[in-house]
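K.L.:
Fold the following, please.
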Amino acid sequence: MSYDVIALVLLGAALHAVWNALVKSGSDKQLDSAMVALGAGAIGLAFLPFVPLPAPAALPFLIASAFLQFFYFQLVGASYKAGDIGLVYPVMRGSAPLLVAATSSTVLGEHLTSGAAIGIATICAGVLTLAFEARKGGGRAILLALANAVVIASYTFVDGVGARLSGNAISYTLWMALLPPVLLFTYAVARRGRSIVLAHVRGHWKRGLIGGFGSIASYGLALYAMTKAPVATVAALRETSILFAIVISVVFLKERASPWRFAAAGLIAAGALVLKLG
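P.N.:
The predicted structure is shown next:
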């Protein structure tokens with residue numbers, strides 16, 4: 001991976017941590033996660049006139065991605081409702097690249113060097129180390145986080161291929177953002193009622209726009225990077241978002257940073273270096 005691609009992935013990781021923190025700190029985790037999807041869709045819609053249409057070959061991947069994103073946002077809300085972010089986030093984000101790395105040779109025919117494999121394993125070990133310091137959550141939170149890791153790995157493959165086939169990663173990202181909020185809010189209205197959903201939208205639209213920008217920009221940067229580097233490598237490097245989440249939790253949320261967090265930070269930094277050298 002070149003240094004400019006690494007920088008873009010790290011920027012995307014920071015944005016990812018920001019929008020996750022917004023969902024966790026919200027009053028209604030399910031609707032707040034849907035608001036992030038709505039904000040991303042609104043931003044995507046505004047920029048569509050300035051990008052070319054994706055190639056027709058990418059259409060099946062856009063549709064598949066929309067449904068996977070629906071389940072992803074549902075599980076994000078459910079996971080943060082069930083457990084502490086110190087447990088859910090590292091398990092959810094740390095397990096996904098392990099699944100991608102383990103299956104990328106079969107699914108995409110991409111073969112990693114031994115150095116890259118060591119870097120991926122080290123980063124994932126650092127992220128998963130954070131689970132030891134969790135004080136809340138339990139079996140249900142872990143199961144939800146693991147289920148979402150499977151979804152994350154699935155849409156990583158779908159969108160990695162789709163972005164390449166589309167001919168323009170930015171265009172693919174913007175179009176990809178349109179359908180998930182439709183699915184999420186249709187489901188929310190059917191389950192919660194129109195008045196409750198509309199009241200939440202009116203009261204939290206700014207949170208949705210900020211989170212939506214972080215979401216679509218983060219994933220767009222990752223998809224672009226996937227067109228320049230192996231999907232499994234990009235997916236692993238994205239997990240450095242946990243470092244930015246630690247900074248946010250300590251500086252802004254005033255959470256105590258345990259020794260587990262510092263140990264994890266060291267492992268993740270070392271993994272990123274090995275990944276670059278590999």
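K.L.:
quick one: the residue of the chain most remote from its centre and residue 31, what's the gap?
P.N.:
Within the chain, residue 195 marks the point farthest from the mean C-alpha position, 29.6 Å out by CA atoms, centre = their mean. Residue 195 sits 13 Å away from residue 31, going by CB to CB, to the nearest Å. Where C-beta positions appear, they are placed from N, C-alpha and C, glycine not excepted.
K.L.:
in the helix or strand containing residue 183, what's buried?
P.N.:
Under the criterion of DSSP states H and E, residue 183 resides in helix 179-192. Burial within helix 179-192, assessed by neighbour count using 16 or more other CB atoms under 10 Å, is assigned to 179, 180, 181, 183, 184, 185, 188.
K.L.:
between those, which is closest to residue 87?
P.N.:
Within these, the smallest distance to residue 87 is 24.2 Å, found for residue 184 (CB to CB).
K.L.:
Apart from its neighbours in sequence, what residue is nearest the closest one?
P.N.:
Leaving out its chain neighbours, the residue that sits closest to residue 184 by CB to CB, 6 or more residues apart in numbering is residue 34, at 4.2 Å.
K.L.:
Now do the phi/psi pair for residue 91.
P.N.:
phi -70, psi -40 (degrees, to the nearest 10).
K.L.:
Surely it and residue 144 touch.
P.N.:
No. Using CB atoms under 8 Å, residue 91 is not in contact with residue 144; the gap is 9.2 Å.
K.L.:
picking that back up, who are the contact partners of the residue nearest to residue 184?
P.N.:
73, 77, 181, 184, 185, 188 (CB atoms under 8 Å, 6 or more residues apart in numbering).
K.L.:
now the angle between helix 179-192 and the strand or helix carrying it, please.
P.N.:
According to DSSP H and E, residue 34 maps onto helix 29-47. In terms of direction (axes from the mean of the first three to the mean of the last three CA atoms, to 10 degrees), helix 29-47 departs from helix 179-192 by 150 degrees.
K.L.:
Tell me the buried residues in helix 29-47?
P.N.:
For helix 29-47, by 16+ other CB under 10 Å, it's 29-44.
K.L.:
Packing partners of the helix or strand that it is followed by?
P.N.:
Once the chain leaves helix 29-47, the next helix or strand it forms, by DSSP H and E, is helix 59-82. In terms of contacts (3 or more CB pairs under 8 Å, 6 or more residues apart in numbering; DSSP states H and E), helix 59-82 is packed against helix 3-25, helix 29-47, helix 85-107, helix 139-166, helix 169-176, helix 179-192.
K.L.:
what would those look like in CSV with mean pLDDT and distance to residue 123?
P.N.:
Shown next, in CSV, are these (pLDDT from 0 to 100; distance: least, CB to CB, whole Å):
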stretch, mean pLDDT, distance to residue 123
helix 3-25, 90, 11
helix 29-47, 94, 25
helix 85-107, 75, 7
helix 139-166, 89, 14
helix 169-176, 90, 23
helix 179-192, 96, 27
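K.L.:
if you compare those, which one is most tucked away?
P.N.:
Comparing the helices and strands packed on helix 59-82 by mean neighbour count (mean count of other CB atoms under 10 Å), helix 169-176 comes out on top with a mean of 25.
K.L.:
coming back round to it: as JSON lines, the buried residues of helix 179-192 with distance to residue 122 would be great.
P.N.:
What follows is the buried residues of helix 179-192, written out as JSON lines (distance: CB to CB, whole Å):
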{"residue": "179", "distance to residue 122": "36"}
{"residue": "180", "distance to residue 122": "32"}
{"residue": "181", "distance to residue 122": "36"}
{"residue": "183", "distance to residue 122": "37"}
{"residue": "184", "distance to residue 122": "35"}
{"residue": "185", "distance to residue 122": "40"}
{"residue": "188", "distance to residue 122": "39"}
